[in-house]
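Chemist: Provided below for reference: sequence and predicted model.
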Amino acid sequence: AQSVSQHNHHVILSEAASLELGCNYSYGGTVNLFWYVQYPGQHLQLLLKYFSGDPLVKGIKGFEAEFIKSKFSFNLRKPSVQWSDTAEYFCAVTFNNNAGNMLTFGGGTRLMVKP
Amino acid sequence: EPEVTQTPSHQVTQMGQEVILRCVPISNHLYFYWYRQILGQKVEFLVSFYNNEISEKSEIFDDQFSVERPDGSNFTLKIRSTKLEDSAMYFCASQDRRKTQYFGPGTRLLVL
């Protein structure tokens, strides 16, 4: 079955540390890949997306992600986190055999950045 | 910047009652979605809607659920007879032409 997994459920970092959050999916066909962020008390916001082309995509707030097709991965990175990055991060995938373009989500990673 | 809005933000209901959750998608979007997140679990797809009909639905979306776009702006999710296990956060999303989905703030539903 098609699925998305995020291996880190909770991550605690100090400000200025580098961040990498893992995301893997299971599907051999074409995918569209997304990272969403949910700040405390707010709704899901799009950080970045990959549809095709350069596998290294840059998003808002200094985030980037790299699609490695051979590893079925789309890891999120940020070189230097800030306290304001404290949030829950969701990887989501559309598998292009779905007529309705539904998103399949990973379980989310809660990031806490200590000042 | 246009946003997806949802009402109410919170709803408490008794088991067996009907609830209607409302969403106003972004105005020029054509695809609409409902997702839900039970506390501590993944965000799960419920249903997608295009051109006034359901285009895809999950196993969760059984006969107790229905969706409609009654007036060209609102997009509603109805649960006919709520169960305890329907307690969750329900998210509406609308999709632009570039296949990116934008989410509303959610409705937290509690069934007692």
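Modeler: All right, it came through fine. The model shown is predicted, which means the values in this text are computed figures rather than measured ones. Residues are numbered from 1 along each chain as shown, chains lettered A, B, ... in the order given.
Chemist: In chain B, what residue comes closest to chain A?
Modeler: B:Glu56 (2.8 Å; Cβ to the nearest Cβ). Glycine gets a C-beta too; all of them are placed from N, C-alpha and C.
Chemist: right, and that residue touches A:Met102 too?
Modeler: Yes - B:Glu56 lies in contact with A:Met102 (Cβ atoms under 8 Å); the separation is 5.9 Å.
Chemist: between those two, which one's more packed in?
Modeler: Remark: of B:Glu56 and A:Met102, A:Met102 carries more neighbours, 25 against 17, as counted by other Cβ atoms under 10 Å in any protein chain shown.
Chemist: Check the spacing between the more buried one and B:Pro25 real quick.
Modeler: 16 Å (Cβ to Cβ, to the nearest Å).
Chemist: Show me the strands in the chain, by range?
Modeler: Because you didn't say which chain, this covers chain A. Counting by DSSP state E, chain A has strands at residues A:3-5, A:10-14, A:19-21, A:24-26, A:31-38, A:45-50, A:56-58, A:64-68, A:73-78, A:87-95, A:104-105, A:109-114.
Chemist: actually chain B
Modeler: So, for chain B - with DSSP E - the strands run B:5-7, B:10-13, B:19-24, B:31-37, B:43-50, B:53-57, B:65-68, B:75-79, B:88-95, B:101-103, B:107-111.
Chemist: What are the neighbouring residues in contact with B:Ile60?
Modeler: Contacts for B:Ile60 (Cβ atoms under 8 Å, 6 or more residues apart in numbering or on different chains) come out as B:Arg36, B:Glu44, B:Leu46.
Chemist: could those residues go into TSV alongside distance to chain A?
Modeler: Converted to TSV, those look like this (distance: Cβ to the nearest Cβ, whole Å):
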residue	distance to chain A
B:Arg36	11
B:Glu44	8
B:Leu46	9
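Chemist: Of those - the most surrounded one?
Modeler: B:Arg36 (24 neighbours).
Chemist: what pairs with the closest residue to it other than its chain neighbours across the strands?
Modeler: Spatial nearest neighbour of B:Arg36, chain neighbours left out: B:Ala88 (4.4 Å); criterion: Cβ to Cβ, 6 or more residues apart in numbering or on different chains. For B:Ala88, the residues forming beta bridges with it (DSSP bridges) are B:Leu109.
Chemist: count of residues packed around B:Ala88?
Modeler: 22.
Chemist: so it makes contact with B:Leu109?
Modeler: Yes - counting by Cβ under 8 Å, B:Leu109 is a contact partner of B:Ala88 at 6.1 Å.
Chemist: Now the residue most central in space within chain B: closest residue in space that isn't a chain neighbour?
Modeler: By Cα atoms, centre = their mean, chain B has its centre lying nearest to B:Trp34, at 3.5 Å. Distances taken as Cβ to Cβ, 6+ apart put B:Leu46 closest to B:Trp34, at 4.3 Å, once the chain neighbours are dropped.
Chemist: Same question for A:His9.
Modeler: Nearest to A:His9 is A:Thr109, by Cβ to Cβ, 6+ apart, at 6.3 Å.
Chemist: how close does the one you found sit to A:His10?
Modeler: Taking Cβ to Cβ as the measure, A:Thr109 and A:His10 are separated by 7 Å.
Chemist: What of B:Gln37?
Modeler: 17 Å.
Chemist: same question, A:Tyr27
Modeler: Relative to A:His10, and taking Cβ to Cβ, A:Tyr27 is found at 26 Å.
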